[in-house]
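K.L.:
Just to be clear, the model below is a prediction. Sequence and coordinates:
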Amino acid sequence: MADYDVIIVGAGISGAIMALELGRQNKRVLVLDAGPVDPNSRKDFQDHLLRSVIKLPECPYPPYEDNPGRQNAPRANSRMLFKWPGYKNPLAKDQIYSFNASSHLTVSPVSQLPFLSTYERVVGGTTWHWLGTCLRLLPNDFRMQSTYGRGIDWPIDYCDLVDDYGRAEYEIGVSANVKEQTYLDLWFPPGYSYPMPPIAPTYSDNQLDKWMAGLQLPWLNNQKPRMNNTPQARNSIFHDGRRACAGNTSCIPMCPIQAKYDATITLQKAVNTNYVTVQAQSVVKKVNVDAATHKVTSVDVVRYDSAAGGTLEYETLAATAFVIAAHAIETPRLLLNSISPATPNGVANSSGQVGQNLMDHIVYLGWGLSNEPVYPNRGPRSSGGIETLRDGPFRKDFAAFRVDVGNEGWGWADGDPNTITNDFIDGTNSSGTNCKGETLCGDALVQRLNDKLTRMVRFCYLVEQLPCRKNRVELSPISKDGLGIPRPQITYGLDDYTFGGLASAAKATSTIFEKCGIQNFTTLREAKPGRPHAGDGYPTAVDPSGAPYNVYGAGHIAGTYRMGSNADESVVNDRLQSHDHPNLFLLGSGVFPTIATGNPTLTIAALTYRASRELLKQV
Amino acid sequence: MDPTTRLQIFVDLVSGLTGVSPRVASQAQAAARYLENYMQLADQVAGVGATDALLTIYADVRKSLPPGEAAKKLFLGGLDKTSPDKQWPFSAMARTLMKFVLLGVWYDPKKKDDDGTIPTAVSYSESLVWLIAQAHPVGASKLAYGYWANPPPPLDKLIG
């Protein structure tokens, strides 16, 4: 008899939901996670957040150093992107080697860009630092090839997922209003309502909606941009034993009061079934397959007791079925590292698709100063966005986007309030708002800072990327982590379709800002004075016409073990079961055939419910 | 300098440099101990007594000028001739102090292009720029659900 009915690798949202579904059916489940457990008090993480000058998504969480060659479970860190050589740097190719020495995500010599997004390796996964956006994908997101002749179709459509979306919204706890989410062919079952009423829009959202009323965007099929309340995984009322959002504006990197959902909530419910055990600091190094039955038999695990070095314990754990839910970079890394005579290309990889088609939403940031105060940095980091631009016939020609309207001023775009404060004290103009080089103190400083800081607006465009085999995760032939496991090696770049979406985003920024009376301060971020080469520190993509764009990741890592009906072209079927190994299920946005136009987590959760029903047939 | 006098001058100087009232500066100081933290860091840079020298010269000017004007004179370098450390004169010390209490960030004057450090979580959560922005520090709201739907209290209620 196997040690467990099911072993789940990864304690993020999909691993947690799967564990809960299995535990409720009295299945013996072991959840392994590479990272440490969450602390007894999230104040430990909050202190790291408060003490970080630049509040990057990873800043509250371990490991706190970048030493991936020594660490047992290193992770990607946005901080590394500041070290990326600039696009004008003639020595850029040489500098990639030094970049790779300190970045867990290494880059291949032919890559245009580093990978722009990160993820956590900690129990609870990346839901610790997610924004909490819970949009459903649009019906047309599932059929990009048949509708627009782009990308590929999913093997399922919106109808197949609609009930699981509801289950996911209730487990996560989503605040929204059905009427407001019924757009672009989205529909809900009769009588459906979200578990909580919508989060109150910010003052800024209401002002912007008023100002943009009446605008049409001709190149986007005359769509009318309006502010739409975002379905959010944060409590608008006391719910599920947790208090309502207190508006800390720190959803990314963390909610200090857990009003925002994270996967530790579901994981605790799973543990409470008494059938689920969570084992942290346990890195799965290899998946073992029986050559005769093609079933997965066991996993090789390394347990560690400190971030780097320390005592290591090795064990091989068996189960009836296996789930890998380690996100779209660590999952293919594990599969590709699991080479044996039975699996010469790695586990679940007879199609050769494991690691291919790496996608993200490419972020374009637009920022400006409104005519009147909008009072950012009060309330959730974002409570609304522009959703009506997510679909239309223009998707035949260039990428669509949704617009996340930020509530953190220019915090992301410009590092404010620090940058502007330093400008008006020192007489510099890094923010672009101190053209006269004023050096101010006292009342004059207050007036100037208050005038600028209360009028800051930031739009974040999440631009689609098509699946492309060139964009991929492989095992680094050179770099290994502290356990001797090859680190991920990324090859990544943008195609004309996405560049078209970036150009459209830039145009939308100017057009919407002009209508709203917002002075556009969007600018290409280049090197600080004194750095050797312009562009250093801001990954920049250059389109075929030579136009440069600063590009950022959205953390929406997808596509690297995609689902499909054809086993030659995909890794899992429409129930997330490996085509090659019937007792192996792969969860997470790695199964997405296309990136679509919504933030992925809700769909990850919904697909997990779908997979759980199939898995329960086996155990 | 005796501790009580030092604290009084420090609060007066912070108020003059940043434009917040002595009441607000005093509250932030009580929570975040900016004086103690600044003195430790500044005296490491410029030698023991550097912070007291800054406060003493400011106190001298204050005898004849109101806080805003005295602080401005210091800020604009009008007292730099008497600075004991020519590499880090009084005006530069004042700017570092302003950033320290406005942002909670210590920018090391000896490091070129220093990205800064925040000595304690409270240094950040009590930092004054957020009041000037009529907002709250990221990750440290003291308010309750829904406050964000309406405009904040007037600026003078927050910093006056």
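P.N.:
Yep, that arrived.
K.L.:
Excluding chain neighbours, what is closest to residue A:340?
P.N.:
Once flanking residues are discounted, residue A:340 sits nearest to residue A:289: 6.5 Å by C-beta to C-beta, 6 or more residues apart in numbering or on different chains. All C-beta atoms are positioned from the backbone trio N, CA, C, and that covers glycine.
K.L.:
For the one you found, give me the pLDDT.
P.N.:
For residue A:289, the pLDDT comes out at 98.
K.L.:
Residue A:40 now?
P.N.:
Here the pLDDT value assigned to residue A:40 is 66.
K.L.:
tell me the secondary structure for the residue of chain A found nearest chain B?
P.N.:
In chain A, the residue found nearest to chain B is residue A:379; the distance is 2.7 Å by C-beta to the nearest C-beta. Judged by DSSP: H, G, I helix; E, B strand; the rest coil, the three-state class of residue A:379 is coil.
K.L.:
Kindly report the same for residue A:210.
P.N.:
Under three-state DSSP, residue A:210 falls in the helix class.
K.L.:
Ok, residue B:58 next?
P.N.:
Secondary structure assignment for residue B:58 (three-state DSSP): helix.
K.L.:
need the contact list for the residue of chain A closest to chain B.
P.N.:
Neighbouring residues of residue A:379 by C-beta atoms under 8 Å, 6 or more residues apart in numbering or on different chains: A:200, A:202, A:247, A:249, A:407, B:147, B:148, B:149.
K.L.:
Looking at the residues you listed, which is nearest residue B:100?
P.N.:
residue A:249 (22.3 Å; C-beta to C-beta).
K.L.:
Doesn't residue A:97 lie inside a helix?
P.N.:
Yes - under three-state DSSP, residue A:97 sits within a helix.
K.L.:
For the residue of chain A closest to chain B, which non-adjacent residue is closest in space?
P.N.:
residue B:148 (2.7 Å).
K.L.:
Isn't the one you found up against residue A:378?
P.N.:
Yes - contact criterion C-beta atoms under 8 Å: residue B:148 and residue A:378 qualify, at 4.4 Å.
K.L.:
Are there residues contacting both of these two? Which ones?
P.N.:
Joint contacts of residue B:148 and residue A:378 (C-beta under 8 Å, 6+ apart) are A:202, A:203, A:247, A:407.
K.L.:
Buried members of those residues into PyMOL, please.
P.N.:
Here is the PyMOL selection string for the buried members of these, based on 16 or more other C-beta atoms under 10 Å in any protein chain shown:
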select buried, chain A and resi 202+203+247+407
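K.L.:
Just put the shared contacts of residue B:148 and residue A:378 in JSON lines and tack on distance to residue A:462.
P.N.:
As requested, these are exported to JSON lines (distance: C-beta to C-beta, whole Å):
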{"residue": "A:202", "distance to residue A:462": "19"}
{"residue": "A:203", "distance to residue A:462": "24"}
{"residue": "A:247", "distance to residue A:462": "23"}
{"residue": "A:407", "distance to residue A:462": "16"}
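K.L.:
Measure how buried the residue nearest to residue A:379 is and give me the count.
P.N.:
Neighbours of residue B:148 under the rule other C-beta atoms under 10 Å in any protein chain shown: 29.
K.L.:
Can I take it that it is in a strand?
P.N.:
No - Residue B:148: not assigned to a strand; according to three-state DSSP it is helix.
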